[in-house]
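Trainee: using only what follows, build the 3D model:
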Amino acid sequence: MARPALRKVGRPEEGAPRLAHLDRDRRLVEAAQADPAQFEALYRKYLAQVYSFAFYELRDHHEAEDATERTFLAALGNLARFQERARPADGEGASTFLVWLFQIARNAIAERRRRGRRRPEAPLEAAATVVDPLDVEASAVRNDATSAAVDAIARLPDDRRRAIILRFVDEMSTREIAGVLGRSEGAVRVLIHRGLRAVARELDDQPR
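Mentor: Numbering: from 1, shown residues only. Reported below is the predicted structural model:
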């Protein structure tokens, strides 16, 4: 008599997708998807970060405010289509909503630039938070001209500048920055390293 086939219990079928519930914003996102009025919690949580990114990119308070407003309006309008894509490799406390939000912000900033409005040449006021990351370069430590450091960052090629701002101003992880910029994590590390070295060299070349 043939033995009945044994069935494995508690293990997923081969090839079955494994979902990791890691996104720290899941409850807020689900609440806002069910009731748009609840989006305010996400707005309050990420307003400062989005505005900071826009300000460092556009170098103008009014332009940054407009880009920030457009970012959150677009996020609210498209929230029903947002799909969480957190993976175990993203680590505990990851937020794919944050990456998605900053992808929208990047597009909003690009739109402001396409309008061709004049960008002021004055140094950024809110620059103090950018100084500490430059401490990894000894030459930058010796230079206490914060505005010079910010101006040097502003002159970096686009993705190097964005990578540094997202890492040290908005305090994103390498993986999150990779999602925003559409790059690999390795490429992001290279962007940050080269950007910091370029800023340090420029500061080191300035008269004391």
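
Trainee: so which helix or strand of the chain has the lowest pLDDT on average?
Mentor: helix 138-141 (a mean of 39; mean pLDDT, DSSP states H and E).

Trainee: ok, for residue 36, nearest residue in space, not its chain neighbours?
Mentor: Of all residues not flanking residue 36 in the chain, residue 76 sits nearest, at 6.4 Å (CB to CB, 6 or more residues apart in numbering). For every residue, glycine as well, the C-beta is placed using N, CA and C.

Trainee: and that neighbour, how far from residue 49?
Mentor: 17 Å (CB to CB, to the nearest Å).

Trainee: can you check residue 167 too?
Mentor: 12 Å.

Trainee: what does residue 152 give?
Mentor: For residue 152, the distance to residue 49 - CB to CB - is 22 Å.

Trainee: more neighbours: which of the two?
Mentor: residue 152 (24 against 19; other CB atoms under 10 Å).

Trainee: give me the helices and strands touching the helix or strand in which that one is found, please.
Mentor: In the assignment (DSSP states H and E), residue 152 maps to helix 146-154. Counting by 3 or more CB pairs under 8 Å, 6 or more residues apart in numbering; DSSP states H and E, the packing neighbours recorded for helix 146-154 are helix 158-164, helix 185-205.

Trainee: could you list the domains of the chain?
Mentor: The record assigns the chain these domain ranges, following automatic domain parsing: 21-119, 123-208.

Trainee: for those, which has the smallest mean pLDDT value?
Mentor: Lowest mean pLDDT within the domains of the chain: domain 123-208, at a mean of 75.

Trainee: just give the closest residue to residue 31, not the sequence neighbours.
Mentor: Distance criterion CB to CB, 6+ apart; nearest residue to residue 31, sequence neighbours excluded, is residue 38 at 4.1 Å.

Trainee: let me know the secondary structure of that neighbour.
Mentor: helix (DSSP: H, G, I helix; E, B strand; the rest coil).

Trainee: need the contact list for it.
Mentor: 28, 31-32 (CB atoms under 8 Å, 6 or more residues apart in numbering).
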